[in-house]
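# for reference, the sequence and a predicted model appear below.
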Amino acid sequence: MLSLAFIRKNPDVVRRAAELKAEPAPVDEILRLDTTWREHLTAAEKIKEEQNKLSKEFARTRDEVLKERLRQMADTGKRELAVAESVKRELDDLLLRVPNIFHDSVPIGKTEAENVVVREWGSKPDLGFAPRTHYDLGEALGIMDFEHAARVAGSRFAFLLGDGARLERAMVQFMLDVHTREHGYKEVWPPMLVNSASMVGTANLPKFADAAFKVEGRDLWLIPTAEVPLTNFHRDEILEPDRLPLKYVAYAPSWRTEAGAAGKDTRGLIRLHQFSKVELVKVTSAETSLDEFEQLTRDAEDILQRLGLHYRVLAMCTGDMGFAQYKKYDLEAWAPGLDRHLEVSSCSTFNDFQAMRANIRYRPERGAPPRFAHTINGSGLALTRTIDAIMETYQRTDGMISVPEVLKPYMGGVELIGAR
RNA sequence: GGAGAGGUGGCCGAGUGGUUGAAGGCGGCGGUCUCGAAAACCGUUAUGGGUCACUGGCCCAUCGAGAGUUCGAAUCUCUCCCUCUCCGCCA
């Protein structure tokens, strides 16, 4: 979130950012409540101060008249404080609904059409025949099954079978190995259900409650991304200076309701209620976060390059980048069968927006006063869609799929999916 | 799920109603000593918020969370969360 002090001082900056992000921001109401809150708080604290003084006096004198006066003061003080607190609760709730500001380098724009391609890698492969879609291939090979998934769970679920399941497992291993051994991330196996406080910390609550699955009758949510447990790992902590930057990588399934996406991407392994993802998260100092963000994006790109997939990097424009992000890149891999790009990674830096919600701080130097950390995350990569791109890119005329070189060591000798 | 014990500052740990925001120790920082360092000694060392004559002062809050009793709560009561031990159950 943005601090009350920041909004107080820069209401116009906040208004403009919200407008360009096409997000509502109750700035005026916040400023109004802020004034009311401080009026009542000051009044309550003044009474409390007097009360504290007289209370000490009473401890000595045991004067009954004084006691009666104190009793009344306690009464009015409590009433005043109750008002202040109720206004503050309202204020805090509104603060959680103010979108983040964005970095100067973010392109201004309304829709995805105004996102900017910052770089491309490779080129669209020429397969020499009409490429088939991954679901077409997958069902024919018997490695993907949507019909049984619908029976077992419903729409937007999938079974992976045989070498399809094996491919998924291989990808997880491959990605984790690269990120831990070569990019310096620490591997984490996180909880996959989290409490509401964690969801607030990463800004999944309160605004996006309907995007996540909630466990009935309990304060638990299925993680929409491993970002939530990873970022919240350090919630309410003050980190000593030598610990930053923290770099975590986790494989975890991600669960999303996909409310509002009715009818969109209904076929294939594109938009599911459950998908696998290897997630990268960094907690950094304020000074290094932009550099660390660029590097994290490169770390994710490295996976695509090793897999030999053509992709492009998009700088998201203000209107398309989201509520909490300070700057965001999407990595889109080319899927020849679908004849479109698939978003396989989304890399974001949040400035101190999440850290403020999650209360993650650090000391810039030993003994220095703490300040809010910066948080960064990105998929490295989303498994399901990457598998789509692999299948469609590495398909052969006979409908079989060559295993990319880097995955072969993880496929237990399988080099060609579909061969008997 | 049942029974019991416990959750105090960066860490350990004392503290059962009134200068306790909190003893003591460790750690950190500054200093004395030293050619320098160690040791020793001295000093210092929380966070959030409000406010003002604002690179400082004053005030309020905070001892797992919330509510209550009281003039006054780290200390008493209730609810919840978490940790540990034993039992039960279980992959």
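Yep, that arrived.

# the stretch 251-400 of chain A: helices as residue ranges?
A:289-307, A:318-321, A:353-358, A:383-393 (DSSP state H, counting those that start in this stretch).

# next one: the stretch 101-250 of chain A
Going by DSSP H, counting those that start in this stretch, the stretch 101-250 of chain A shows helices at A:134-141, A:147-152, A:163-177, A:196-201, A:227-232.

# tell me, how many residues neighbour A:Arg15?
15 (other Cβ atoms under 10 Å). From N, CA and C alone the C-beta is placed, and that goes for glycine too.

# residue ranges in chain A under the pLDDT threshold?
Chain A contains residues with pLDDT under 70 at A:420.

# got the residues of it near RNA strand B?
A:3-5, A:38, A:41-42, A:45-46, A:48-49, A:51-53, A:55-56, A:58-59, A:67, A:70-71, A:73-74, A:238, A:361, A:366-367, A:369-370 (Cβ under 7 Å from any atom of the strand).

# try 6 Å this time
Residues of chain A lying close to RNA strand B by Cβ under 6 Å from any atom of the strand are A:4, A:38, A:41-42, A:45, A:48-49, A:51-52, A:55, A:58-59, A:67, A:70-71, A:74, A:238, A:366-367, A:369-370.

# drop anything exposed from those residues.
A:Leu4, A:Leu41, A:Lys48, A:Gln51, A:Phe58, A:Leu70 (16 or more other Cβ atoms under 10 Å).

# please tell me how far the residue of the stretch 101-250 of chain A found nearest RNA strand B sits from A:Arg361.
Going by Cβ to the nearest atom of the strand, RNA strand B is nearest to A:Ile238 of the stretch 101-250 of chain A, at 5.7 Å. Distance check for A:Ile238 against A:Arg361: by Cβ to Cβ, to the nearest Å, it reads 5 Å.

# could you pull out the strands for the stretch 1-150 of chain A?
Along the stretch 1-150 of chain A, counting by DSSP state E, counting those that start in this stretch, strands occupy A:116-121, A:144-145.

# could I get the ones you listed in a markdown table, plus columns for distance to A:Val281?
Formatted as a markdown table, the strands of the stretch 1-150 of chain A follow (distance: least, Cβ to Cβ, whole Å):
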| stretch | distance to A:Val281 |
| --- | --- |
| strand A:116-121 | 22 |
| strand A:144-145 | 30 |
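
# quick one: closest of the ones you listed to A:Ala333.
Nearest to A:Ala333 among those is strand A:116-121; the distance by Cβ to Cβ comes to 9.8 Å.

# between A:Ile238 and A:Arg361, which contacts overlap?
A:Pro370 (Cβ atoms under 8 Å, 6 or more residues apart in numbering).

# return the residues in contact with the closest residue to A:Lys214 other than its chain neighbours.
Leaving aside its chain neighbours, A:Lys214 sits nearest to A:Trp221 (5.4 Å; criterion: Cβ to Cβ, 6 or more residues apart in numbering). Remark: with contacts taken as Cβ under 8 Å, 6+ apart, A:Trp221 is in contact with A:Leu193, A:Val194, A:Asn195, A:Ser196, A:Met199, A:Asn204, A:Ala212, A:Phe213, A:Lys214, A:Val215.

# just the buried members of those residues?
Here, 16+ other Cβ under 10 Å leaves A:Leu193, A:Val194, A:Met199, A:Asn204, A:Ala212, A:Phe213, A:Lys214 buried among these.

# pretty sure the third one contacts A:Ala212?
Yes: using Cβ atoms under 8 Å, A:Met199 is in contact with A:Ala212, at 7.0 Å.

# so A:Thr257 touches A:Lys214, yeah?
No: taking contacts as Cβ under 8 Å, A:Thr257 lies outside contact range of A:Lys214: 9.4 Å.

# could you report the distance from A:Ile376 to A:Gly268?
Counting by Cβ to Cβ, the gap from A:Ile376 to A:Gly268 is 30 Å.
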